[in-house]
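Trainee: Pasted the sequence and its predicted model underneath.
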Amino acid sequence: MIALSIAACGGGGGSSDPAPTIPTPVPVPVPAVNQPPTITLTSPNDADVFDGASAVLSANAADTDGTIASMSFTVTGDGTSVFSDTVTVAPYTVTLDLTNIADGDYVIEATARDDDGAETLVAITIIVDKPEPPPPVNQSPTITFTSPSEGDVLDGASVELSTNP
């Protein structure tokens, strides 16, 4: 808080003027500066490698002069956003589906926003490296007879069979 005092002078120069009085200081409130929230990305860790179908993204946040309004998670790869989600209630956790995400490096950004609009962002890089799918299981071939036809009566000593591949 700042105290502001204002004094007035008579300016007449004569000795008959009473001495000016000094008024009581008037407090002038100074608005508090909103402090940004603090944030810690708890999962995953920087440079973690993911080879499965999903990854859990989790963060903690606090605000010394208010409350956390939201936590946003964004995942980008090659400059393209592949995932975005916002959570408004702790715990700040979302699941990233990796099934349709190509192998490569991705940046995860977690942004905490407080009730007065201040934001703090943290970012890490993860690696998606899913294993190659297994080769198809060897299956028995399917054979279809084209000759003789079902119900044909065979009366010779030899029969010629033909099939479609």
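Mentor: That came through fine.
Trainee: When you work out contacts or count neighbours from here on, use the C-alpha atoms and nothing else.
Mentor: Noted.
Trainee: Low-confidence bits of this structure, can you list those?
Mentor: Residues of the chain meeting the criterion pLDDT under 70: 1-20, 145, 147, 156-157, 159, 161-165.
Trainee: Tell me which residue lies nearest the centroid of it.
Mentor: The residue lying closest to the centre of the chain (C-alpha atoms, centre = their mean) is residue 73, at 1.3 Å.
Trainee: give the contact list for it.
Mentor: 57, 83, 84, 85, 86, 94, 108, 109, 110, 111 (C-alpha atoms under 8 Å, 6 or more residues apart in numbering).
Trainee: Those, buried ones only, as a PyMOL selection?
Mentor: Of the contacts of residue 73, the buried ones go into a single PyMOL selection, burial set by 16 or more other C-alpha atoms under 10 Å:
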select buried, resi 57+83+86+94+108+109+110+111
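Trainee: Helices - which of the contacts of residue 73 land there?
Mentor: Among the contacts of residue 73, no member is found in helices (DSSP state H).
Trainee: need the contacts of residue 73 in a markdown table with distance to residue 125, can you?
Mentor: Putting the contacts of residue 73 into a markdown table (distance: C-alpha to C-alpha, whole Å) gives the following:
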| residue | distance to residue 125 |
| --- | --- |
| 57 | 12 |
| 83 | 14 |
| 84 | 15 |
| 85 | 17 |
| 86 | 19 |
| 94 | 17 |
| 108 | 6 |
| 109 | 9 |
| 110 | 12 |
| 111 | 15 |
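Trainee: and of the contacts of residue 73, the nearest to residue 38?
Mentor: residue 111 (9.7 Å; C-alpha to C-alpha).
Trainee: Isn't that closest one up against residue 118?
Mentor: No. Residue 111 is beyond contact range of residue 118, at 10.1 Å (criterion: C-alpha atoms under 8 Å).
Trainee: I'd like the distance between the residue nearest to the centre of the chain and residue 80.
Mentor: 14 Å (C-alpha to C-alpha, to the nearest Å).
Trainee: How about residue 26?
Mentor: 56 Å.
Trainee: from the contacts of residue 73, which is closest to residue 140?
Mentor: residue 83 (42.0 Å).
Trainee: What are the neighbouring residues in contact with the residue nearest to that closest one when sequence neighbours are not counted?
Mentor: Leaving aside its sequence neighbours, residue 83 sits nearest to residue 75 (C-alpha to C-alpha, 6 or more residues apart in numbering; 5.0 Å). Residue 75 makes contact with 81, 82, 83, 84, 106, 107, 108, 109, according to C-alpha under 8 Å, 6+ apart.
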